[in-house]
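Participant: no sequence for this one, just the structure:
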């Protein structure tokens, strides 16, 4: 059976966006209270973050909170968690600042969307003005010079809501949304919290594959085994298919909101692939010196001498820059042993293994000492893994890299944070990129910089400092601020 034959139709995942007080919550509440099958509609989304509705025998998954944090993060990273968006515009007010922001995001992320003109029951409703406002902001509605579908709705009377759901289903049909039941389960983390009674509970939305109880699961920062799997109604289930919201109990630590996950019968190599997305801060800390030079150290192992020679040759051909070098500490044939890990601990190297296993003692020692072991039966996968480190290090000249150690609150709307300069220097009044695991998610401006509680013009590598920064994003510990 071909991959295409394995594909099955899946329901759309929908997010509702727009200006505050334009009726997003009221619209979602009306849809939920009239279309959610089983249980009470109220209270079921507090921990799940999303819910399924059924309209004319067709499922639709709505992300519960408009502008949900995970959706926002995924938008910034360029991978939309939602398949379709509903842009809400109030008939009595038209386009407002947050409407414009939502339109910009929808255009940039190329997310298909329909427009819901809300509050059409209000005496001051002016649908024609809304159409004109939208046209002025590059949203051309059907019958108004464009092809964006729209529907007037009232969350008070229910008028037009059925038609809106039909539009969503029609848009989904045009998108041809499918999933492959033979692939590993994959999706996005919506919520992540520690419950006093149930332990670590993680809410996700599944986008591909089939999620099952007993599956291994991993994100860039966390892994575990699914002990309990629940649907959006918090009923225990043995399996779920896309585009289902789910609650998972079984993670060993809490994953980050917005992270992608993979689940199934995972090998160490598959876990290593997804956690490789978390290598950028690790690469800078482990391999970079205070002068900005970086050397990635490797310990190579292979099953036979011919394979080892081929691996070594390919590693030496990996493109490098003047400041970013590569050093092979040792090469050997046979399984990865505790002796190899001791060598890696002493030198700070990554262990690269082609077509070899890692013995138990080595696995335990590597885990205790945070040594990364990357193995594969495909030699080019190993090369790609190492290239990912060089991509991190060479993703633009970095004049300064500051790791956030603590957040102390806000002052006059600005954030007070403390950090350590990992490399280069950080200057006062500079504009910085905000990075999470090597990916830029926003920018900020340094309003005030202090070292040892005294104002500073700049702070060099190896020093800790305090900063007053102006940023729309909430800065968190372990984020990195990058100066170019």
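Facilitator: Great, that's in hand. All values derive from a computational prediction rather than experimental measurement. Numbers count the residues shown, from 1 in each chain.

Participant: looking at this, residue 384 is in a helix?
Facilitator: Yes: applying DSSP: H, G, I helix; E, B strand; the rest coil, one finds residue 384 inside a helix.

Participant: return the distance of it relative to residue 318.
Facilitator: 10 Å (C-beta to C-beta, to the nearest Å). The way it works is simple: take the backbone N, C-alpha and C, and place the C-beta from them, glycine included.

Participant: try residue 331
Facilitator: Counting by C-beta to C-beta, the gap from residue 331 to residue 318 is 15 Å.

Participant: residue 357 too?
Facilitator: 25 Å.

Participant: likewise for residue 24?
Facilitator: With C-beta to C-beta as the criterion, residue 24 and residue 318 are 48 Å apart.

Participant: neighbour-wise, which of these two wins?
Facilitator: Using other C-beta atoms under 10 Å as the criterion, residue 24 and residue 318 rank with residue 24 on top: 24 against 15.

Participant: surely that one meets residue 18?
Facilitator: Yes: using C-beta atoms under 8 Å, residue 24 is in contact with residue 18, at 5.6 Å.

Participant: now the host helix or strand of residue 171: how far from the chain's centre is it?
Facilitator: Element membership for residue 171, per DSSP states H and E: helix 161-175. Chain-centre distance of helix 161-175: 27 Å, with C-alpha atoms, centre = their mean, to the nearest Å.

Participant: can you give me how far the next helix or strand after that helix is from the chain middle?
Facilitator: With elements assigned by DSSP H and E, the helix or strand that comes after helix 161-175 is strand 178-180. Put simply, strand 178-180 sits 20 Å off its chain's centre (C-alpha atoms, centre = their mean).

Participant: swap in stretch 365-379?
Facilitator: Distance, centroid of stretch 365-379 to centroid of chain: 24 Å (C-alpha atoms, centre = their mean).

Participant: and if you look at stretch 250-263?
Facilitator: That offset, for stretch 250-263, works out to 10 Å (C-alpha atoms, centre = their mean).

Participant: tell me the mean pLDDT over it?
Facilitator: Stretch 250-263 carries an average pLDDT of 84.

Participant: pull out the buried residues from that stretch.
Facilitator: 250, 251, 254, 255, 256, 257, 258, 259, 260, 261, 262, 263 (16 or more other C-beta atoms under 10 Å).

Participant: so what's the second one closest to, chain neighbours aside?
Facilitator: Among residues not flanking residue 251 along the chain, residue 224 sits closest, at 3.9 Å (C-beta to C-beta, 6 or more residues apart in numbering).

Participant: ok, what's across the strand from the one you found?
Facilitator: Beta bridges link residue 224 to residue 217, residue 251, judged by DSSP bridges.

Participant: check contacts around residue 446.
Facilitator: Residue 446 makes contact with 426, 427, 428, 429, 430, 431, 432, 467, 468, 469, according to C-beta atoms under 8 Å, 6 or more residues apart in numbering.

Participant: which of these sits closest to residue 209?
Facilitator: Within these, proximity to residue 209 (C-beta to C-beta) peaks at residue 432, which comes in at 38.1 Å.

Participant: report the next helix or strand after the strand or helix carrying that closest one in sequence order.
Facilitator: Assigned by DSSP H and E, residue 432 belongs to strand 431-436. Note on strand 431-436: by DSSP H and E, the next helix or strand toward the C-terminus is strand 439-451.

Participant: show me what counts as buried in that following strand.
Facilitator: 439, 441, 442, 444, 446, 447, 449, 450, 451.

Participant: so residue 288 makes contact with residue 403?
Facilitator: No: with contacts counted by C-beta under 8 Å, residue 288 stays clear of residue 403, the gap being 12.0 Å.
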